[in-house]
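Undergrad: model the following, please.
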Amino acid sequence: MGQGQIVGQGQNRDQDQVKGRTGPGAGRGHGQEVARGQSGNTPTLRPPLRRPQRCFGHCFGRQRVVRPADRSTLRIVTAASQRGGSFYNSPKISKRYRDHRHSGAMSPNHVMEEPALLDVLGTVTGLRVLDLGCGDAAIGRTLLHAGCRSYLGLDGSAAMVEAASAILRGTCGRAERADIEDFSAPPSSFDLIISRLALHYVEDLDAVLTACHTCLSPGGRIILSVVHPVLSSYDAGTGKPRTNWVVDDYFLKGPRRRNWLGGSVVWFHRTVEDYVNALMNAGFALSALRECAPQEERFDGDLAELARRRRVPLFLLLSGTRI
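TA: Okay, the predicted model is just below:
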C-alpha cells in the first residue's frame, strides 16, 4: 500500500478541534465560581460545588475489601487518585513498557493482540485516525504507511508522548499529551478511533465512549482492546511467569490494584458483558469481538511459549460501528 499523505488543511483542522485538559487539576473542579451579590452588581467568589463521584460499584479513590482466593484473610485496596497515564511518566516504567512491548515472540502484544487488531482494521486508506492512549505510537507509523490520511495519538503520559513524537518524526502523524477522560472533539472529526490496552485504566468508560461516538463520522469505527476480564478480576501477585490462573470476584466491578512493570497501578475491572453493553449503549453496533488467540507464525518456532500462551486469554478486543 502507498505512503499516506495528509492534506494540510485537514491536519490543522484536527489539531484545532481536539480538546483535552491535562495536569493534576484538570476537570476536577479546582478554581472558583463567580457569583453575583444580592445587589446584582458586585461579583463575589464562592467555592465550587462538589459534584457527586461517579463509580462502577466501588468509587475511585475509596477503599474496598478484596477477598483472597483462600478467603482466610481480608486485605484493603485503595484506588490511586492519579489517572492511568501518569503511571508511565516514570522513566523506568516507560522503558520497561517499551522493552516489553517490542520484545518480539516474548511479547503477548506482538503474538496475540496486534494480529487481531490488524485483522479487524482492514483497509485504512484515506482515514483520519485517532489513537487514545497511544503509548509510543508505533502503530501510527504502520497506519500512515498503509495510507491513512492522518494520525493523531493522545496519551496522558509526557514520557510516552515524547517517545511517540520521536517515532512519528518524519511523518505527518503527531502525538499530543491529553488525558483520555478529558477528550472531546466536534462531530465528524475522525473516521477511525483505536485504543489499545488503555481503557481499563479509565473509571468512567461510558463518558469516553460517548465522546468517541460524537466525534466519529457516520459509519466510523472504534476498535479497542483491554486486558481480558479473566485477568483483571484477580491478581495472584507472585511477580513470576504464571503457571496457573485464578478467576475470582469476576462480577464485582471496580478498581483493582496491580503490580505491573515494577510499579503499582490501578485497573478498573469489568466483565465481557459490561464492555459490550457500554459500547452498544454509546450508540455503536458491535461488529467484532476477539479474544486474541496466539498466532503460531509470530513465535519464531518457540513452541513452549506458544503452548503457554494458548492456556488463557490475555486480551479482549471489540469493534463497533457508529450508527
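
Undergrad: can you give me the helices in the stretch 101-250 of the chain?
TA: Remark: helices assigned in the stretch 101-250 of the chain by DSSP state H, counting those that start in this stretch are 108, 114-121, 138-145, 158-168, 205-215, 229-232.

Undergrad: how about the fourth one as PDB, C-alpha atoms only?
TA: Looking back up the chat, that one is helix 158-168. Extracted in PDB, the C-alpha atoms of helix 158-168 (Å, rounded to 0.1, in the frame of the first residue of the first chain):
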ATOM      1  CA  ALA A 158       4.500  13.000  28.900                       C
ATOM      2  CA  ALA A 159       7.200  10.300  28.600                       C
ATOM      3  CA  MET A 160       5.000   8.300  26.200                       C
ATOM      4  CA  VAL A 161       4.200  11.400  24.100                       C
ATOM      5  CA  GLU A 162       8.000  12.200  23.900                       C
ATOM      6  CA  ALA A 163       8.600   8.600  22.700                       C
ATOM      7  CA  ALA A 164       5.700   8.800  20.300                       C
ATOM      8  CA  SER A 165       6.900  12.000  18.800                       C
ATOM      9  CA  ALA A 166      10.300  10.500  18.100                       C
ATOM     10  CA  ILE A 167       8.800   7.500  16.400                       C
ATOM     11  CA  LEU A 168       6.500   9.700  14.300                       C
END
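
Undergrad: so S189 sits right up against V129, yeah?
TA: No - proximity of S189 to V129 does not meet the contact threshold set by C-beta atoms under 8 Å, at 11.1 Å. Just so you know, the C-beta spots here come from the backbone N, C-alpha and C atoms, and that holds for glycine as well.

Undergrad: between those two, who's got more neighbours?
TA: Comparing S189 with V129 by neighbour count (other C-beta atoms under 10 Å), the higher total belongs to V129, at 25 against 22.

Undergrad: please report how far that one lies from G104.
TA: 25 Å (C-beta to C-beta, to the nearest Å).

Undergrad: one more: R309?
TA: For R309 relative to G104 (C-beta to C-beta), the value is 13 Å.

Undergrad: of these two, which one has the most company?
TA: Legend: neighbour count by other C-beta under 10 Å for R309 and G104, higher for R309 (22 against 11).

Undergrad: skipping adjacent residues, who's closest to that one in space?
TA: In space, and not counting its chain neighbours, R309 is closest to P294: 4.1 Å by C-beta to C-beta, 6 or more residues apart in numbering.

Undergrad: next, the one you found: secondary structure please.
TA: With DSSP: H, G, I helix; E, B strand; the rest coil as the basis, P294 sits in coil.

Undergrad: what does the model give it for pLDDT?
TA: Note on P294: pLDDT of 96.

Undergrad: same thing with G61?
TA: 33.

Undergrad: in JSON lines: the helices of the stretch 101-250 of the chain, plus mean pLDDT.
TA: As requested, those are arranged in JSON lines below (pLDDT from 0 to 100):
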{"stretch": "helix 108", "mean pLDDT": "91"}
{"stretch": "helix 114-121", "mean pLDDT": "97"}
{"stretch": "helix 138-145", "mean pLDDT": "96"}
{"stretch": "helix 158-168", "mean pLDDT": "93"}
{"stretch": "helix 205-215", "mean pLDDT": "97"}
{"stretch": "helix 229-232", "mean pLDDT": "94"}
